[in-house]
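Chemist: Got a predicted structure plus its sequence, pasted below:
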Amino acid sequence: MAEDKYTITSKVPLNDGNGYYRFGLGVYVTEPGAETYNAVTYALEYSYAGGLPGAEWYENEADCGRAINDFIARTGTPRSEIQFTTKLMHNRTDPAWVERCVEVSLQKAGLDYIDLYLIHDPNGGPDVRAAMWEGCCRVKDSGKVRSIGVSNFGVKHLENLLARKPKYVPAVNQIDLHPFMTHNDIVEYCEKQGIVLEAWAPLVRGMRFKHPAIVELAEKYGKSPAQILIRYGLDRGFIVIPKSTQRARIEDNGRVFDFKLSAEEVERLTSLDEHLVTDWDVVEVE
């Protein structure tokens, strides 16, 4: 269980000495252009300062960066108070590939550095993953990236990677996490290794808003099903990045810091696991 009290700008400590906001905005399958730009702007205006994750794959790094830079110019907010994540789209065999991709991402976003850079998936096998991780270590050492991590990595991927004694242990593993996909084995392993979990689909894509256990807790706390699911992730100690493009929903998703689920309620929700795949499940690839 996470600590009792935190706010929309509270950070979780990472294993590299940095901190990352516990709460942010997801922009997966958000349309490039105005939709992404507006969503990121709405989030920043409502005090979301973390996550703001672009990705090569999403083709929205430029829109995320433009929204961040425009917000900074308009409000005087220091760049250091906003955290931007992006991801490596394709895995290759040469660590220098990561360095080139980071340069392209920085140019697209119009930013001087990336706060968190993730390997998007474990495809390619152990040698390829190790090469891409070496590239991530290089860009961290260069200062162009503050923290590095992985996405959609299962236990065996992490075990294989760490067995090679890399310079850095991943700071974050971003995976599908919610009461209906708990990935208990990955969570347990990452917690033992000091790797923070980030939930990339905490709202279950809306697929379980009407589940009796969710509805019951929503009624008890006077909250929406989405807010219960977000709070679940927070109370488990995860970084949570709910996706929305609508201002009202982005604001509602942020109204989760005035209540807390009990340990028993978190345990009950965790027991609902049904290995529900909301998008893709690559944690078992070789």
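Modeler: Thanks, I have the structure now.
Chemist: Pass me the low-pLDDT residue ranges in the stretch 51-200 of the chain, would you?
Modeler: For the stretch 51-200 of the chain, the stretches with pLDDT under 70 are 51-58.
Chemist: ranges for the helices of it?
Modeler: 61-75, 96-109, 126-142, 155-163, 184-193 (DSSP state H, counting those that start in this stretch).
Chemist: Apart from its chain neighbours, what residue comes closest to Tyr6?
Modeler: If the residues on either side of it in the chain are set aside, Tyr6 comes closest to Arg22, at 6.4 Å by Cβ to Cβ, 6 or more residues apart in numbering. Heads up, the C-betas are built off the backbone N, CA and C, glycines and all.
Chemist: Revised request: answer the last question for Ile148.
Modeler: Cys136 is the one closest to Ile148 (Cβ to Cβ, 6+ apart), at 4.2 Å.
Chemist: isn't the residue nearest to Tyr6 right up against Lys11?
Modeler: Yes - Arg22 lies in contact with Lys11 (Cβ atoms under 8 Å); the separation is 6.6 Å.
Chemist: Report the separation between Gly65 and Thr85.
Modeler: Noted for Gly65: a distance of 12 Å to Thr85, by Cβ to Cβ, to the nearest Å.
Chemist: again, but for Val282
Modeler: Separation of Val282 from Thr85 (Cβ to Cβ) stands at 19 Å.
Chemist: more crowded one of Arg22 and Lys11?
Modeler: When neighbours are counted by other Cβ atoms under 10 Å, Arg22 and Lys11 differ, and Arg22 comes out ahead with 26 against 16.
Chemist: contacting residues around the residue nearest to Tyr6?
Modeler: With contacts taken as Cβ atoms under 8 Å, 6 or more residues apart in numbering, Arg22 has the following neighbours: 6, 10-12, 50, 234, 238-240.
Chemist: Between Val282 and Thr85, which has more neighbouring residues?
Modeler: Thr85 (27 against 17).
Chemist: tell me which residues form a beta bridge with that one?
Modeler: Per DSSP bridges, the residues bridged to Thr85 are Leu116.
Chemist: thought it was touching Leu118?
Modeler: Yes - counting by Cβ under 8 Å, Leu118 is a contact partner of Thr85 at 6.7 Å.
Chemist: which helices and strands does the helix or strand encompassing Asp252 pack with?
Modeler: Under the criterion DSSP states H and E, the helix or strand holding Asp252 is helix 247-253. If you count contacts as 3 or more Cβ pairs under 8 Å, 6 or more residues apart in numbering; DSSP states H and E, helix 247-253 packs onto helix 34-45, helix 225-235.
Chemist: so of those helices, which one's packed in deepest?
Modeler: Per-residue neighbour counts averaged over each of these give the maximum for helix 225-235, namely a mean of 24 (mean count of other Cβ atoms under 10 Å).
Chemist: residues touching the most centrally placed residue in the chain, list them.
Modeler: Most central residue of the chain, judged by C-alpha distance to the mean C-alpha position with Cα atoms, centre = their mean, is Glu198 at 4.4 Å. The contact partners of Glu198, taken as Cβ under 8 Å, 6+ apart, are 149, 172-175, 177, 238-241.
Chemist: what about it, distance to Cys137?
Modeler: Separation of Glu198 from Cys137 (Cβ to Cβ): 20 Å.
Chemist: Help me confirm that His275 comes into contact with Met181.
Modeler: Yes - applying Cβ under 8 Å as the test, His275 and Met181 come out as touching, 6.1 Å apart.
Chemist: Those two: which has the busier surroundings?
Modeler: More crowded of His275 and Met181, by other Cβ under 10 Å: Met181, with 19 against 10.
Chemist: looking at it, that one is touching Thr278, isn't it?
Modeler: Yes - if you go by Cβ under 8 Å, Met181 and Thr278 touch, sitting 7.1 Å apart.
Chemist: what touches both of these two?
Modeler: Contact criterion Cβ under 8 Å, 6+ apart; residues shared by Met181 and Thr278: 201, 204.
Chemist: how deep is Arg138 tucked in, by neighbour count?
Modeler: Look at Arg138: counted by other Cβ under 10 Å, it has 18 neighbours.
Chemist: Could you pull up the contacting residues of it?
Modeler: Applying Cβ under 8 Å, 6+ apart, one finds that Arg138 lies in contact with 95, 98-99.
Chemist: Please convert the residues you listed to TSV, extending it with neighbour count and distance to Cys190.
Modeler: Output for the contacts of Arg138, formatted as TSV (neighbours: other Cβ atoms under 10 Å; distance: Cβ to Cβ, whole Å):
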residue	neighbour count	distance to Cys190
Pro95	17	24
Val98	25	22
Glu99	15	26
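Chemist: Cheers, nothing more for now.
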